[in-house]
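S.K.: coordinates only, sequence not included:
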């Protein structure tokens, strides 16, 4: 049929296989219908058109282009492509941002291998189009994976450039976990009479195999005590850990902790390492080699805990993650669904915990709707929290506040008794003393209202997801998520 297709399904439902296998089948069918001489002639003709009369330089001309929002997801798709294309003769390559040297290496590899399939982030793909490294005039099959995330990251201009560089008679498949207005507009503009496949009723929901828990704290600085209690519950051996310098390595379940900023990820990593937990932080300031090494160690159980910004909220396919902890909740409930979707992959089950404050009440209301659709149990405390009026100065506001969280007036941070959380030097504003004093508790209060602006401005920019400056702006946007592009 080769009709355009829209597929809306939850994370972990096998969308990667759904677009790779048809692409490979189409390439093999087109190749098998030609004789050996015709195949050889076709390759020589395409090579001559790409390289030019001299046989050097020129552009790569793939049959299939797959766009993904982040480098990690692009690399993961490439790994699956290599697995599925074994012994088929189909050649694939991945292209993503990461500096000038990596860019040159990717360009040379394309010209050397002449791949049938190009997996790329929109920024790098657009960059290679502009510089003549690739030519999309022969593309037969275009895939937009995680389309909602690409639009959230501001990739719409790059996506439009890429689509306009392909033939109009191509087949286009759009895959997304959610179905917001921006994705619908993109589909209506660039897909022709598409088949619409949808798992569920179209409402935003989470994987029912994930046990979702919400922990209410009074303020952002109280989250560290809640995290300590949670870690001791998950791993009771932490309760008997010495407070001195002779800490033994701890055996904790594999978990993923989400923070809002790069600095917060690094600081928490230092602290967990000091506790004897094998952890590492991953965010946009890490080089591609560092990120690959971290993910490899995490997959092979060399790491127990991964601390990440939202760059790890999509496409991270690791089957044995048992717990996802939202230390800092995202701005959009859609991102929450993707975050907790890192656990309960395939047939497995998982558990998520989210720390929330009264300042995040509007987000929590949307979260509760998702929990109800996912058939989760909603505690009476959480419902009281959601239904509470926003007036904090009412006659019972102090009483309710104390019931929802912990008033840590004496403090119980990892570094010793001071009320501002993880601060290692016994100073109220000292930050983590063994690390960088410049950070000075910036992450302990990242969930408070007065620090949200700073959290977003320090968040991960497009340097994580693709070269060529994707994510700088977005020509079509909506007011409800305009604050999320600079994460």
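M.R.: Thanks, I have it. Only a predicted model underlies this, so the values are computations on that prediction, with no experimental measurement involved. Numbers count the residues shown, from 1 in each chain.

S.K.: so which helix or strand takes in residue 296?
M.R.: According to DSSP states H and E, residue 296 maps onto helix 288-299.

S.K.: list the buried ones in that helix?
M.R.: With burial defined by 16 or more other C-beta atoms under 10 Å, the residues of helix 288-299 counted as buried are 288, 291, 294-295, 298. (Glycine included, C-beta is placed from N, CA and C.)

S.K.: Quick check: of those, which lies closest to residue 161?
M.R.: residue 288 (23.5 Å; C-beta to C-beta).

S.K.: contacting residues around that closest one?
M.R.: Residues near residue 288 by C-beta atoms under 8 Å, 6 or more residues apart in numbering: 71, 96, 98-99, 102.

S.K.: Kindly recompute the last result at 10 Å.
M.R.: Neighbouring residues of residue 288 by C-beta atoms under 10 Å, 6 or more residues apart in numbering: 71-72, 75, 96-99, 102, 464.

S.K.: how far out from the middle of the chain is the helix holding residue 296?
M.R.: 15 Å (C-alpha atoms, centre = their mean, to the nearest Å).

S.K.: okay, now the closest residue to residue 95 other than its chain neighbours: neighbour count?
M.R.: Using C-beta to C-beta, 6 or more residues apart in numbering and skipping residues adjacent in sequence, the residue nearest residue 95 is residue 120, 4.2 Å away. Neighbour count of residue 120, defined by other C-beta atoms under 10 Å: 29.

S.K.: Over to residue 207?
M.R.: Quick note: residue 207 (other C-beta under 10 Å) scores 21 neighbours.

S.K.: Let me see the contact set for it.
M.R.: Contacts of residue 207 by C-beta under 10 Å, 6+ apart are 10-13, 337, 340-341, 343-345, 348-350, 352, 374.

S.K.: Could you identify the buried members of these?
M.R.: By 16+ other C-beta under 10 Å, those give 10-13, 337, 340-341, 343-345, 350, 352, 374 as buried.

S.K.: So which bits of the biggest helix by length in the chain are buried?
M.R.: In the chain, taking DSSP state H as the definition, the longest helix is helix 15-32. Neighbour counts over helix 15-32 (16+ other C-beta under 10 Å) mark 15-16, 18-20, 22-24, 26-27, 31 as buried.

S.K.: Same question for stretch 306-324.
M.R.: Judged by neighbour count (16+ other C-beta under 10 Å), stretch 306-324 contains these buried residues: 306-318, 321-324.

S.K.: Do me a favour and average the pLDDT over it.
M.R.: When pLDDT is averaged over stretch 306-324, the result is 88.

S.K.: What of stretch 62-82?
M.R.: Stretch 62-82 comes out at a mean pLDDT of 93.

S.K.: Then stretch 173-192?
M.R.: Mean predicted confidence for stretch 173-192 is 92.

S.K.: cool, and stretch 102-111?
M.R.: Mean predicted confidence for stretch 102-111 is 86.

S.K.: What residues sit buried inside that stretch?
M.R.: Quick answer for stretch 102-111 (16+ other C-beta under 10 Å): 102-103, 106-107, 110-111.

S.K.: Helix, strand, or coil at the residue nearest to residue 126 when sequence neighbours are not counted?
M.R.: In space, and not counting its chain neighbours, residue 126 is closest to residue 158: 4.2 Å by C-beta to C-beta, 6+ apart. Classification of residue 158 by DSSP: H, G, I helix; E, B strand; the rest coil places it in helix.

S.K.: Return the subset of the contacts of residue 288 lying in helices.
M.R.: Per DSSP H, these map to helices at 71-72, 75, 102.

S.K.: Which one of those sits in the busiest neighbourhood?
M.R.: Going by other C-beta under 10 Å, residue 71 tops the ones in helices among the contacts of residue 288 with 28 neighbours.

S.K.: The closest residue to that one other than its chain neighbours: neighbour count?
M.R.: Computed as C-beta to C-beta, 6+ apart, the closest residue to residue 71 that is not its neighbour in sequence is residue 96, at 4.2 Å. Neighbour count for residue 96, taken as other C-beta under 10 Å: 27.

S.K.: Residue 189 too?
M.R.: Around residue 189 there are 10 residues (other C-beta under 10 Å).

S.K.: For it, give its distance to residue 174.
M.R.: Going from residue 189 to residue 174 by C-beta to C-beta, to the nearest Å gives 11 Å.

S.K.: and if you look at residue 136?
M.R.: Residue 136 is 17 Å from residue 174, by C-beta to C-beta.

S.K.: Need the phi and psi values for the spatially closest residue to residue 316 that is not a sequence neighbour.
M.R.: Closest residue to residue 316 apart from its sequence neighbours, by C-beta to C-beta, 6+ apart: residue 342 at 5.3 Å. The phi/psi pair for residue 342 (degrees, to the nearest 10) reads phi -70, psi -20.

S.K.: Please look at residue 342 and residue 298 and confirm they touch.
M.R.: No. In this structure, residue 342 is not within contact of residue 298 by C-beta atoms under 10 Å, at 11.1 Å.
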